[in-house]
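1. Quick one, structure for this:
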Amino acid sequence: MNMSKIMECESRQLNKMQLLPNRYKKLGFILLIISITALVLLRITRPTQDIFNDICKSFILLSMIIISVTKEKNEDEYTIILRGKSYVLAFIIGAIYAILQPYINLGVAALLSPEKAVFAEMKSFVIIWFMLFIQLGFYYLLRYTR
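-> You can find the predicted model right below:
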């Protein structure tokens with residue numbers, strides 16, 4: 001197989017990837033608002049971490065993913081390019097954040113109380129939430145400032 005046939009086949013496979021219809025965006029925002037509200041209320045009423053906090057965090061991530069992979073009303077090539085650029089930026093910034101933040105936390109803890117300073121990696125929820133937040137933020141920033 002020559003390279004042009006391989007690239008053509010890969011291009012067809014990429015074009016098969018479908019986004020959710022636009023009506024799911026409202027569902028994503030409603031789910032996000034409910035999840036954040038429930039998490040805040042749980043933190044106020046029960047300050048200890050329990051399964052309900054984890055469920056709320058999972059629904060926050062799910063709702064952000066739904067918003068992220070939902071089509072716009074007027075989806076065109078430009079919005080597709082912006083979506084791709086926002087995913088790339090989110091990945092790069094998220095990776096840098098996940099690498100540097102534990103060292104920053106360790107340095108600050110060492111300055112404030114050296115005996116309690118320990119190295120701790122970032123939790124997966126924080127990294128994924130940060131990347132989705134950056135992706136959605138950059139996408140809408142780029143989209144509405146064109």
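
2. do you know how far the closest residue to residue 27 other than its chain neighbours is from residue 81?
-> Distances taken as C-beta to C-beta, 6 or more residues apart in numbering place residue 66 nearest to residue 27, at 6.4 Å, with adjacent residues excluded. To be clear about C-beta, it is placed using only N, CA and C from the backbone, and glycine gets the same treatment. Counting by C-beta to C-beta, to the nearest Å, the separation of residue 66 from residue 81 is 21 Å.

3. Which one of these two is surrounded by more residues?
-> Shown here are residue 66 and residue 81; by other C-beta atoms under 10 Å, residue 66 has more neighbours (18 against 11).

4. pLDDT value on that one, please?
-> Predicted confidence (pLDDT) for residue 66: 95.

5. From residue 140, how far off is it?
-> Residue 66 is 15 Å from residue 140, by C-beta to C-beta.

6. Then residue 74?
-> From residue 74 to residue 140 the distance is 14 Å (C-beta to C-beta).

7. Can you give me the buried ones in stretch 81-88?
-> Buried positions in stretch 81-88, judged by neighbour count with 16 or more other C-beta atoms under 10 Å: 82, 83, 86, 87.
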